[in-house]
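Asker: Pasting the sequence and the predicted coordinates here, then a few questions.
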Amino acid sequence: MLATNLEDEFLQKKLWRAIIETPTALKGFSLPSRLCIQPMNCYDSLNGIPSKITYERYRRFAQSGAGLIIVEQTLVGPTDERKPNNLRLTQKNSAAIKKLVDIVRNENSSCKLIFHVNMLMPCLNGKPYENIHLLTKGDISNIICHFIEAANVLYQSGADGIEIKLCHHALLMSFIEPLNERNDEYGGSLDNRLRIVEKIIIGIRQRISDEKFKIGIRLSMYNHIKGGMGTISSDSDVEDLTEPLLILEKCAKAGVELFNISMGNSVFTPKMITPAKLPDTFSLSNLESFDMFRYAGIAKKYLIKQGYPHVMIIGSGFSTCKEMLPDIMAANLLKGNMDLVGIGRQALIDCDIQHILSGNFIPCKGDTACAYISIDRYQIPVGCIHKKPYSTLLKMIQGGPVEEIDETYILLIKNSLKSTSQKTKKRLSDFIGRYNLYKEGI
Ligand SMILES: Cc1cc2nc3c(=O)[nH]c(=O)nc-3n(C[C@H](O)[C@H](O)[C@H](O)COP(=O)(O)O)c2cc1C
Ligand code: SF4
């Protein structure tokens with residue numbers, strides 16, 4: 001909090017309210033506030049179907065007063081044993097997806113809900129991530145169909161849109177990065193590398209002509225790896241935003257109306273995705289010293305200049321702001337760096353807009369412990385580890401005394417055993433063994 005006396009504090013809070021609670025709209029898509037909840041994979045969907053823990057989280061998000069909720073990574077395509085507790089989108093799951101949409105609608109009928117969609121493949125296109133075979137044209141056609149079908153299932157379920165995952169370490173990102181080494185029409189020039197994404201966007205629009213259903217993209221603008229997104233060439237890791245900006249423009253032209261700006265790669269540069277703190281040079285008059293805000297501001301200004309002023313930009317990285325969260329949110333909106341302020345980790349603790357706007361919220365510590373768990377080191381349901389039940393769960397798994405915990409967590413952990421490394425399997429099996437003894441009163 002920056003105000004120095006009571007009167008200033010009162011005015012400051014009024015200002016936050018005026019800026020963050022101002023509604024905004026795209027064609028047929030009005031948002032009651034500028035607060036957005038970012039997608040966060042929490043691994044509590046049992047074999048792809050939301051558990052009661054998943055439903056409860058979205059109920060809480062809906063109650064927060066957020067204008068937009070972006071549902072966590074939702075997988076399409078063939079079932080993948082690596083992520084048994086990841087939310088999954090199939091025709092078979094559509095009733096459960098509809099239930100999730102209905103829960104949000106019932107809590108807050110004006111809040112919009114889009115799903116962050118990704119597909120896992122046993123192989124990626126872009127070397128040198130893994131020792132892999134190049135995707136065939138048949139594989140690529142299947143990927144395109146899966147995304148279009150996913151959008152259709154979402155539309156039928158009453159969701160407001162789809163966010164295509166072009167960030168972090170996603171399959172589609174490996175196509176658009178300079179390190180894509182294909183020599184067919186899906187590799188080489190940027191037009192070629194972007195072809196798969198454009199086909200998905202155009203295919204979704206052909207399938208769903210209702211313009212109220214929005215297409216969004218989450219893009220890592222730069223990920224600081226050789227040949228990664230936002231670099232000059234396939235053998236450089238130096239930042240050059242020429243291509244990410246062209247990608248935004250081409251996708252906007254194809255029909256994308258929401259861009260969620262991020263950075264980093266979850267395998268090679270995960271700390272970029274969930275930064276721990278703001279740079280020492282950061283101040284309210286130097287917002288752009290933080291790359292997340294700089295990239296969002298550059299993207300917004302570029303799209304306005306290219307004739308897409310209506311396209312919305314969502315900013316990321318706000319949990320890094322801690323107590324200064326409302327000030328920094330308002331400053332970014334006021335400066336025009338973005339249209340929506342997205343919170344990730346903070347939402348695992350408290351995302352109630354009234355708490356945030358009154359300054360009465362517990363700030364995220366930014367220690368990234370939850371993100372660390374989420375990127376598969378433990379294979380357990382994810383939440384803030386400084387809060388119950390996650391604090392209890394983690395302590396028990398690390399060998400601490402066993403306590404009573406909702407059986408759903410146990411079911412989820414048992415389910416994840418089929419996908420873990422030997423070391424993780426041993427730790428989790430030991431825990432399940434101790435838990436069973438506790439339940440039997442031994
Ligand atoms: C537990 C956890 C899971 C996440 N899962 C995803 C994901 O599935 N897709 C994605 O694009 N970002 C994911 N993120 C990144 C967040 O959406 C967000 O961009 C990041 O945490 C920075 O915002 P924050 O500072 O408000 O936390 C995840 C972050 C956390 C902490
Ligand atoms: S574990 Fe809790 S405090 Fe730490 S980064 Fe995650 S949400 Fe924030």
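Answerer: All right, it came through fine. Numbering: from 1, shown residues only. Ligands and ions are numbered 1, 2, ... in the order given.
Asker: close to ligand 2, is stretch 59-77?
Answerer: No: Stretch 59-77 is not in contact with ligand 2 by Cβ under 6 Å from any ligand atom; minimum separation 13.7 Å. Using the backbone N, CA and C atoms, a C-beta is placed for each residue, glycine as well.
Asker: Could you give the separation of that stretch from the chain centroid?
Answerer: 9 Å (Cα atoms, centre = their mean, to the nearest Å).
Asker: Check stretch 32-43 too.
Answerer: Mean C-alpha position of stretch 32-43 versus that of the full chain (Cα atoms, centre = their mean) differs by 7 Å.
Asker: Heading C-terminal from the lowest-mean-pLDDT helix or strand in the chain, find the next helix or strand.
Answerer: Lowest mean confidence among the helices and strands of the chain (mean pLDDT, DSSP states H and E): helix 6-20, at a mean of 80. Going down the chain from helix 6-20, the next helix or strand is strand 24-26, by DSSP states H and E.
Asker: Quick check: neighbours of that next one in the sheet, parallel or antiparallel?
Answerer: strand 29-31 (antiparallel) (DSSP bridges).
Asker: Rounded mean pLDDT for the strand it pairs with, please.
Answerer: Per-residue pLDDT values across strand 29-31 average out to 94.
Asker: Okay, buried residues for it please.
Answerer: In terms of neighbour count (16 or more other Cβ atoms under 10 Å), strand 29-31 has its buried residues at Phe29, Leu31.
Asker: swap in stretch 355-369?
Answerer: Within stretch 355-369, the residues that count as buried by 16+ other Cβ under 10 Å are His355, Ile356, Leu357, Gly359, Phe361, Pro363, Cys364, Gly366, Thr368, Ala369.
Asker: Does Ile162 touch Arg218 like I think?
Answerer: No: look at Ile162 against Arg218 with Cβ atoms under 8 Å: they stay out of range, at 10.8 Å.
Asker: Among these two, which residue is more densely surrounded?
Answerer: When neighbours are counted by other Cβ atoms under 10 Å, Ile162 and Arg218 differ, and Ile162 comes out ahead with 32 against 27.
Asker: what distance separates the helix or strand the more buried one falls within from the centre of its chain?
Answerer: Assessed by DSSP H and E, Ile162 sits inside strand 161-166. Strand 161-166 sits 9 Å away from the centroid of its parent chain (Cα atoms, centre = their mean).
Asker: Now the helix or strand just after that strand: average pLDDT?
Answerer: Downstream of strand 161-166, the next assigned helix or strand under DSSP H and E is helix 171-176. Summarised as a single mean, pLDDT over helix 171-176 is 92.
Asker: okay, helix 171-176 in PDB with CA atoms only?
Answerer: Coordinates of each C-alpha in helix 171-176 appear next as PDB, following Å, rounded to 0.1, in the frame of the first residue of the first chain:
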ATOM      1  CA  LEU A 171       2.900 -29.000 -28.500                       C
ATOM      2  CA  LEU A 172       1.700 -26.200 -30.700                       C
ATOM      3  CA  MET A 173       4.500 -23.900 -29.400                       C
ATOM      4  CA  SER A 174       7.000 -26.300 -30.800                       C
ATOM      5  CA  PHE A 175       5.700 -25.700 -34.300                       C
ATOM      6  CA  ILE A 176       5.900 -21.900 -34.200                       C
END
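Asker: Can you tell me which helices and strands it packs against?
Answerer: strand 112-119, strand 161-166, helix 190-207 (3 or more Cβ pairs under 8 Å, 6 or more residues apart in numbering; DSSP states H and E).
Asker: how about those, which one is nearest Asn260?
Answerer: Asn260 sits nearest to strand 161-166 of all those, at 6.3 Å, using Cβ to Cβ.
Asker: Just the residues contacting the closest one, thanks.
Answerer: By Cβ atoms under 8 Å, 6 or more residues apart in numbering, the residues outside strand 161-166 that reach it are 29, 39, 70, 73, 112, 114-118, 147, 150-151, 154, 171-173, 176, 197, 200-201, 204, 213-220, 247, 258, 260.
Asker: buried set for the least confident helix or strand of the chain?
Answerer: Gln12, Lys13, Leu15, Trp16, Arg17, Ile19, Ile20.
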